[in-house]
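Engineer: have a look at this prediction, sequence included:
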Amino acid sequence: MRIERARGTRDFLPEEMRKRRTMEARMRDIAEKWGYGEIRTPSFERAELFTVKSGEGILNEMYEFRDKGGRHLALRPELTAPVIRMYVNELKMAPKPTKVYYFGNCFRYEEPQKSRYREFWQFGAEIIGSDRPEAQAEIIALAYHILEALGIHIKAELHVGHVGLIREVLRAANVEAERINSVMRLIDKGEREEVIELLRETGAKKDLIDDLISLVDLKVKGKDALKEARERGIIASDSDASKELEMLLQILDYYGVVYTLNPGIARGLDYYTGMVFEIYETGGRLGAQNQICGGGSYRLATLFGGDDTPSTGFAFGFDRLADLFPHETPDLKRDGVAAVAVVPIREKNADSADVVEEAIKIASRLREHIPTYIDVMSRNLSAQLSYANALDASFAVLVGRTEIKEGKVTVRNLDTGEQEKIGVDECVKKITKIINHKITQISTREQ
Ligand code: HAM
């Protein structure tokens with residue numbers, strides 16, 4: 001019986017995994033250099049961790065279940081709530097702000113499509129203990145630098161907003177809190193007609209609706225973004241949110257981050273309280289699911305029994321980045337050429353234990369330096385050589401009884417067919433040197 005993968009999940013083959021590890025290492029490197037410590041939380045949590053803020057409705061979008069002890073659990077749909085739960089439970093005494101990063105799988109019961117999966121990975125970071133403009137700017141700049149360090153050379157736009165801008169307009173018009181939340185959700189989904197409809201139902205005046213729609217539609221690139229918005233009367237000059245944004249944009253300029261002011265960013269998750277930002281791939285390579293990163297400022301700690309703790313963070317959609325990452329990178333290309341196959345030559349009808357023992361010893365020495373294969377199928381010489389060729393290995397090291405007697409091995413260059421008998425020490429040294437040289441050549445050619 002053939003058993004298919006669960007819908008919305010994927011298998012990753014070695015080449016893809018190597019690519020993913022390369023990406024992960026580059027991202028991790030930047031996070032560490034910015035002084036963030038890696039943390040890991042469980043793949044499943046108490047379901048209430050996610051419903052306490054967002055309500056029971058969120059259960060429809062999650063993998064949730066009862067375990068054998070009747071506990072209501074959920075596979076994590078994201079990592080911010082788990083990180084704050086962990087902070088409240090374990091890290092309350094750590095110096096503030098506490099800066100952490102994470103890489104982990106998430107699960108959402110969504111309709112799978114291109115670049116939207118039911119199991120996907122997030123790489124994210126959180127500053128716990130500050131939502132000041134300095135912290136907001138650092139988080140955005142960190143995301144920006146991680147994207148740069150990945151070296152994927154994509155067309156991308158970073159949009160910055162503040163949920164306070166829209167909320168202030170609605171609050172000033174006495175729209176009740178629950179309605180404001182509904183409006184934010186509709187804005188996030190891009191459902192503009194529904195926003196207008198909902199506001200009309202609340203009795204909102206046409207002027208208010210027009211103001212709100214111009215705010216949502218406003219997209220201004222760069223430094224003068226706020227000035228322009230104020231001049232157009234879209235943002236009130238005494239708005240608290242816009243003052244905070246002003247400081248943030250100033251610091252973003254110091255970091256050299258290129259951004260677009262976009263007050264229409266509402267973010268799907270309910271917990272944001274201030275700055276929000278998103279990064280989109282704009283070269284059309286991801287289709288509709290082009291958001292590669294999202295984040296903002298929020299307060300969740302009190303919901304999980306902690307003190308009120310302003311925080312700021314982001315998460316990259318790692319799989320979307322992986323879809324954009326070129327396969328042809330030096331790290332991946334060296335795969336076959338970096339390999340060597342140790343070939344024990346067994347003699348027919350004879351005990352070949354000594355040959356196998358010697359071959360394993362040589363393989364172990366080579367494995368200290370380079371990827372090395374050794375036969376595990378009791379294959380004959382020619383079958384082992386064709387396997388080595390199929391793997392694209394650069395060298396075969398033949399170990400037979402004659403070689404053992406002479407204290408040597410036969411090294412065959414699989415590219416040229418040339419072979420020579422040399423001592424084991426020399427073989428290890430020579431092959432390691434040639435292969436490392438090949439790797440350097442591939443890397444410089446690619447750069
Ligand atoms: P989010 O926008 O829901 O934010 O997810 C972050 C990123 O995960 C998205 O920008 C997207 O690239 C990726 N993503 C989301 N759903 C899927 C999916 N079904 N398949 C593939 N990729 C997906 C959060 O999760 C917040 N916790 C971010 C945050 C951290 N805010 C503050 N700190």
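Structural biologist: Sure thing, it's come through. Residues are numbered from 1 along each chain as shown.
Engineer: who's in contact with the residue nearest the centre of the chain?
Structural biologist: By CA atoms, centre = their mean, the chain has its centre lying nearest to Phe318, at 2.8 Å. Shown in contact with Phe318 (CB atoms under 8 Å, 6 or more residues apart in numbering): 20, 23-24, 103, 120-123. The way it works is simple: take the backbone N, C-alpha and C, and place the C-beta from them, glycine included.
Engineer: is the closest residue to the ligand within the stretch 301-447 of the chain in a bridge, and if so with what?
Structural biologist: The stretch 301-447 of the chain approaches the ligand most closely through Gly317 (2.0 Å), counting by CB to the nearest ligand atom. Assessed by DSSP bridges, Gly317 has beta-bridge partners Gln122.
Engineer: I'd say it and Arg116 touch.
Structural biologist: No - at 9.1 Å, Gly317 does not count as touching Arg116 under the criterion of CB atoms under 8 Å.
Engineer: what count of nearby residues applies to Tyr280?
Structural biologist: Using other CB atoms under 10 Å, the number of residues around Tyr280 comes to 17.
Engineer: after the one helix or strand it maps to, heading C-terminal, what element do we hit next?
Structural biologist: Applying DSSP states H and E as the criterion places Tyr280 in strand 272-281. Heading C-terminal from strand 272-281, the first helix or strand you meet, by DSSP H and E, is strand 291-299.
Engineer: wait, does that following strand make contact with the ligand?
Structural biologist: Yes - Strand 291-299 lies within reach of the ligand by CB under 6 Å from any ligand atom, at 291-296, 298.
Engineer: comparing Gly317 and Arg116, which shows the higher neighbour count?
Structural biologist: Neighbours around Gly317 and Arg116, counted as other CB under 10 Å, are more numerous at Gly317. The numbers are 25 against 18.
Engineer: need the residues of the chain near the ligand, please.
Structural biologist: 78-80, 108, 110, 116-117, 120, 122, 124, 126, 268-269, 291-296, 298, 313-315, 317, 319-320.
Engineer: which among the residues you listed end up buried?
Structural biologist: The neighbour-count test (16 or more other CB atoms under 10 Å) marks 78-80, 108, 116-117, 120, 122, 124, 126, 269, 291-296, 298, 313-315, 317, 319-320 as buried among the residues of the chain next to the ligand.
Engineer: what does Met247 show for phi and psi?
Structural biologist: phi -60, psi -40 (degrees, to the nearest 10).
Engineer: count the neighbours of it for me.
Structural biologist: 14.
Engineer: and after the helix or strand of the chain with the lowest mean pLDDT, which helix or strand comes next?
Structural biologist: One helix or strand of the chain scores below all others by mean pLDDT, DSSP states H and E: helix 330-337, with a mean of 54. Using DSSP H and E, the next helix or strand after helix 330-337 towards the C-terminus is strand 340-344.
Engineer: what mean pLDDT does that next one get?
Structural biologist: If you average the pLDDT over strand 340-344, you get 96.
Engineer: same thing with stretch 414-423?
Structural biologist: Rounded mean pLDDT across stretch 414-423 is 95.
Engineer: and that stretch, what's buried?
Structural biologist: In stretch 414-423, counting by 16+ other CB under 10 Å, buried: 414, 422.
Engineer: and that stretch, end to end?
Structural biologist: Counting by CA to CA, to the nearest Å, you get 19 Å between the two ends of stretch 414-423.
Engineer: follow-up on the earlier one: quick one: which of the residues of strand 291-299 next to the ligand is nearest to the ligand?
Structural biologist: Closest to the ligand, out of all of the residues of strand 291-299 next to the ligand and judged by CB to the nearest ligand atom, is Gly294, at 3.0 Å.
Engineer: for that closest one, which non-adjacent residue is spatially closest?
Structural biologist: Leaving aside its chain neighbours, Gly294 sits nearest to Glu278 (4.9 Å; criterion: CB to CB, 6 or more residues apart in numbering).
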